[in-house]
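Colleague: Sequence and computational prediction follow.
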Amino acid sequence: MPPQHTAHPRSHRVARIVALTLTGALVLVSAGAVAAYLNFQNDIQVSDVESVLATRTGRPAPPPANPHDPFAGKALNILVMGTDYRGGGNAALAGPGAEFHSDTTLVVHISGDRSRIEIVSIPRDSLVDIPACPLADHTESSPRHDDMFNSAFMIGGGPTQDVTFAAACTVLTVEAITGVPITDHIVVKMTGVVGVVDALGGVPMCLPEPVNGSKDVDLHLPAGPQTLNGYQSINFLRARKGQGMGLQIGSDLERIKRQQAFIDAMMRKILSQNLITDSPRLYKLVEAVLRSISTSPELASPKALAGLAWSVRGVDPADIVFTPLPVVDSAAQPGRVEWVTSQTQPIWAGIAADKAPAGTGAPAPSAPATPTPTGAGGGSAPAGTPAAPSTPKPTASLLPGVCP
């Protein structure tokens with residue numbers, strides 16, 4: 001699957017409101033932050049003496065202050081984690097269970113010059129080495145070799161299912177297997193997704209075929225254009241098995257494609273509306289966002305998020321890129337995948353060095369790569385393991401399910 005660009009929306013307001021779409025995963029957080037910041041400012045009683053004097057003396061009034069980006073000039077690598085945690089009302093959506101793993105996990109890279117955003121999704125079934133992690137009881141977990149990536153969240157959370165320590169262990173794991181320093185994190189809760197999508201008024205999608213989930217999800221969507229509400233959206237994002245849009249394959253990699261299509265569709269919904277002028281919807285969105293996440297202290301500040309969102313308002317949608325990880329099926333552990341390190345290492349090295357993704361910018365011819373499949377944890381795959389394709393080139397084509 002080649003990297004996917006978000007194609008140019010038709011709206012002429014892109015330059016003004018792309019700040020609300022830091023990335024598909026952070027779009028609603030950013031929108032909520034800007035909204036909270038601007039509305040908070042509006043609630044303050046302001047005595048604009050300078051403007052009054054300007055009308056009497058002819059001196060120019062000071063320009064309005066824009067939100068300040070506290071991370072200015074610094075590249076950001078934000079780890080966004082979904083979770084299958086059943087507490088806090090999530091059991092009503094996913095059914096009873098003791099699960100406490102990370103689900104969808106995204107590394108979101110925002111370049112230091114704020115010219116581009118790269119999003120890399122880590123398959124939950126990746127076999128990786130998980131380092132020793134601090135635990136809430138002041139002890140430390142034992143390191144693990146060739147374990148599923150999403151186990152790091154469970155290991156860190158421990159018996160008390162502590163989200164903070166769960167996120168910490170996942171951050172440590174990502175840093176160890178990628179070499180990318182994670183600057184901030186966000187944990188998104190299942191129940192929050194429902195509230196956020198409903199606060200948006202739904203997410204429009206154009207499904208190429210009917211989509212029906214298996215018995216563990218309540219998902220029955222016809223083919224064609226439609227607007228998914230919050231309940232339908234969380235089931236669409238969770239579904240792994242069924243019929244339609246790759247569900248019959250039952251692969252997490254296919255689910256990543258569907259999730260990226262949903263993220264793209266959600267971005268387009270935000271880009272098509274000027275939410276800043278719709279205060280009632282803004283407040284509902286802010287409330288839904290704040291109920292949806294657990295995040296770093298730096299990102300928890302509405303003022304800081306507003307400044308960050310403002311600083312990327314000029315990012316061209318074509319420079320928001322989804323980069324897939326080349327993987328192969330594991331022969332040692334069926335149902336799991338191993339990274340093709342000869343191709344994944346350049347991706348992570350480029351992010352760590354704040355370089356543009358491979359294949360972006362001016363196209364240059366290159367010889368096909370000869371990948372060496374290896375596990376993300378460092379083990380070699382058996383001979384005969386199918387090779388992954390050469391480093392993919394970006395395309396502006398729409399993902400299946402995204403409305404033109």
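Modeller: Now that the structure is in, tell me what you want to look at.

Colleague: Give the next helix or strand downstream of the one helix or strand Leu127 maps to.
Modeller: Per DSSP states H and E, Leu127 falls inside strand 127-130. Scanning forward in sequence from strand 127-130 by DSSP H and E, the next helix or strand is strand 144-148.

Colleague: Can you list the buried residues in that following strand?
Modeller: Going by neighbour count (16 or more other C-beta atoms under 10 Å), the buried part of strand 144-148 is Arg144, Asp146, Asp147, Met148. For the C-beta atoms, the positions are set from N, CA and C on the backbone; glycine is no exception.

Colleague: Between those, which sits nearest Ala239?
Modeller: Ala239 has its nearest neighbour among these in Met148, at 19.3 Å by C-beta to C-beta.

Colleague: That closest one and Asp129 touch, don't they?
Modeller: No: Met148 is beyond contact range of Asp129, at 11.5 Å (criterion: C-beta atoms under 8 Å).

Colleague: Which neighbouring elements make contact with the helix of greatest length in the chain?
Modeller: The longest helix of the chain (DSSP state H) is helix 252-271. Judged by 3 or more C-beta pairs under 8 Å, 6 or more residues apart in numbering; DSSP states H and E, the packing partners of helix 252-271 are helix 14-17, helix 27-42, strand 117-122, helix 190-200, strand 203-207, helix 230-238.

Colleague: Send me it as PDB with only the CA atoms.
Modeller: Coordinates of each C-alpha in helix 252-271 appear next as PDB, following Å, rounded to 0.1, in the frame of the first residue of the first chain:
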ATOM      1  CA  ASP A 252      -5.200  -5.800  11.000                       C
ATOM      2  CA  LEU A 253      -3.400  -4.400   8.000                       C
ATOM      3  CA  GLU A 254      -6.700  -4.200   6.100                       C
ATOM      4  CA  ARG A 255      -8.300  -2.500   9.100                       C
ATOM      5  CA  ILE A 256      -5.600   0.100   9.100                       C
ATOM      6  CA  LYS A 257      -6.600   1.000   5.500                       C
ATOM      7  CA  ARG A 258     -10.200   1.400   6.600                       C
ATOM      8  CA  GLN A 259      -9.200   3.500   9.600                       C
ATOM      9  CA  GLN A 260      -7.000   5.800   7.400                       C
ATOM     10  CA  ALA A 261     -10.000   6.200   5.000                       C
ATOM     11  CA  PHE A 262     -12.200   7.200   8.000                       C
ATOM     12  CA  ILE A 263      -9.500   9.700   9.200                       C
ATOM     13  CA  ASP A 264      -9.200  11.200   5.800                       C
ATOM     14  CA  ALA A 265     -13.000  11.500   5.600                       C
ATOM     15  CA  MET A 266     -13.100  13.100   9.000                       C
ATOM     16  CA  MET A 267     -10.500  15.600   8.000                       C
ATOM     17  CA  ARG A 268     -12.500  16.600   5.000                       C
ATOM     18  CA  LYS A 269     -15.600  17.200   7.100                       C
ATOM     19  CA  ILE A 270     -13.600  19.600   9.300                       C
ATOM     20  CA  LEU A 271     -12.000  21.300   6.400                       C
END
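
Colleague: Buried residues, that helix. List them.
Modeller: Buried-residue list, helix 252-271, by 16+ other C-beta under 10 Å: 252-271.

Colleague: just the angle between that helix and helix 190-200, please?
Modeller: Using axes from the mean of the first three to the mean of the last three C-alpha atoms, to 10 degrees, the direction of helix 252-271 lies 30 degrees away from that of helix 190-200.

Colleague: and the angle from helix 252-271 to strand 117-122?
Modeller: Counting by the same axes, to 10 degrees, helix 252-271 lies at 150 degrees to strand 117-122.

Colleague: Name the nearest of the buried residues of strand 144-148 relative to Ile122.
Modeller: Met148 (11.1 Å).

Colleague: Look up how far Ser151 lies from the closest residue to the closest one other than its chain neighbours.
Modeller: If the residues on either side of it in the chain are set aside, Met148 comes closest to Asp125, at 6.1 Å by C-beta to C-beta, 6 or more residues apart in numbering. To Ser151, Asp125 is 10 Å away according to C-beta to C-beta, to the nearest Å.
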